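**Q** Build me a model:
(2 chains)
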Amino acid sequence: RKEVEQDPGPFNVPEGATVAFNCTYSNSASQSFFWYRQDCRKEPKLLMSVYSSGNEDGRFTAQLNRASQYISLLIRDSKLSDSATYLCVVSGLQGSNYKLTFGKGTLLTVNP
Amino acid sequence: DTEVTQTPKHLVMGMTNKKSLKCEQHMGHRAMYWYKQKAKKPPELMFVYSYEKLSINESVPSRFSPECPNSSLLNLHLHALQPEDSALYLCASSQSGSFSGNTIYFGEGSWLTVV
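**A** The predicted structure is shown next:
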């Protein structure tokens, strides 16, 4: 099982649609969880951290289920500017440092 | 705008060349990272420096040699690279490497082509 697995995508949705991305991770000792966004030929940027209680930031809602080792991201009322690759990221301890492990990413295209 | 600055943005080098990628951050972060990203793949961790000491080396070939001259600077020295080493090299930093919840901030990356 890969360390972090995401929906393979790509997702093509119309403006205004709701889209959900799923992610699973294999290391039950993982500590922190994030969604990053990466635009074409740009660096990854933090979209939001994911907390056990679930968290919302505007149109974006992230959920974490530690028992199932599952993370999700919901985007409501999609905008053209949401088009990007969404990376599920998990932080785990290696030695005395934490390292991020990235999923392969899911490409989202929002169409007019 | 990113607060992690990488130079050069683009680099073309021959297989016998020696070159360096440079990274600088002024956020007072004490952990710095090098990632490599190939097209349509996620970033892959290469090295982690924590408090200016190398703490993680993900079995990277010795033709890549990292250096952390001080807490703000991180270099990646390149020598005798192969065409398959062509990729986007991303530098990143975080407040520390010993807290899992720290946000990692990426620079814009250096696009490397080995010919």
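**Q** So stretch A:75-93, near chain B or not?
**A** Yes. With CB under 8 Å from any CB of the partner chain as the measure, stretch A:75-93 is seen reaching chain B through A:87, A:91-93. Using the backbone N, CA and C atoms, a C-beta is placed for each residue, glycine as well.
**Q** need the contact list for the residue nearest to residue B:81 when sequence neighbours are not counted.
**A** Leaving aside its chain neighbours, residue B:81 sits nearest to residue B:114 (4.6 Å; criterion: CB to CB, 6 or more residues apart in numbering or on different chains). By CB atoms under 8 Å, 6 or more residues apart in numbering or on different chains, residue B:114 lies in contact with B:12-15, B:81-86.
**Q** Just give me the closest of the residues you listed to chain A.
**A** residue B:86 (14.3 Å; CB to the nearest CB).
**Q** For that closest one, give me phi and psi.
**A** When read as degrees, to the nearest 10, the backbone of residue B:86 gives phi -60, psi 130.
**Q** Wait, residue B:76 touches residue B:89, no?
**A** Yes. Assessed by CB atoms under 8 Å, residue B:76 is found in contact with residue B:89 at 6.5 Å.
**Q** who touches both of those two?
**A** By CB under 8 Å, 6+ apart, the residues touching both residue B:76 and residue B:89 are B:21, B:34.
**Q** any idea how far residue B:88 is from chain A?
**A** 8 Å (CB to the nearest CB, to the nearest Å).
**Q** So for residue A:44, what's the pLDDT?
**A** pLDDT recorded at residue A:44 is 95.
**Q** again, but for the one 10 residues further on
**A** Reading off the confidence values, residue A:54 has pLDDT 87.
**Q** got it, and the one 5 residues further on?
**A** In the predicted model, residue A:59 carries a pLDDT score of 97.
**Q** How about residue A:1?
**A** So residue A:1 comes in at 66 (pLDDT).
**Q** Same question for the one 5 residues further on.
**A** Residue A:6 is assigned a pLDDT of 94 by the prediction.
**Q** Check whether it really touches residue A:22, as I assumed.
**A** Yes. The pair residue A:6 and residue A:22 qualifies as a contact (CB under 8 Å) at a distance of 7.1 Å.
**Q** Compare neighbour counts for the two and give me the winner.
**A** Between residue A:6 and residue A:22, counted using other CB atoms under 10 Å in any protein chain shown, the more crowded position is residue A:6 (23 against 14).
**Q** host element of residue 33?
**A** Since you didn't name a chain, this refers to chain A. Using DSSP states H and E, residue A:33 maps to strand A:32-38.
**Q** Chain B was what I was after
**A** Using DSSP H and E, the element containing residue B:33 is strand B:31-37.
**Q** got the residues of chain B near chain A?
**A** So chain B meets chain A at B:2, B:31, B:41-45, B:48, B:50, B:55-56, B:90, B:97-109 (CB under 8 Å from any CB).
**Q** and the least confident helix or strand in chain A by mean pLDDT, which strands flank it?
**A** None of the helices or strands of chain A scores lower by mean pLDDT, DSSP states H and E than strand A:97-102, at a mean of 85. With DSSP bridges as the test, strand A:97-102 is paired with strand A:84-94 (antiparallel).
**Q** okay, the angle between the partner strand and strand A:32-38?
**A** Between strand A:84-94 and strand A:32-38, the angle comes out at 150 degrees (axes from the mean of the first three to the mean of the last three CA atoms, to 10 degrees).
**Q** Could you list the buried residues of strand A:84-94?
**A** A:84-92 (16 or more other CB atoms under 10 Å in any protein chain shown).
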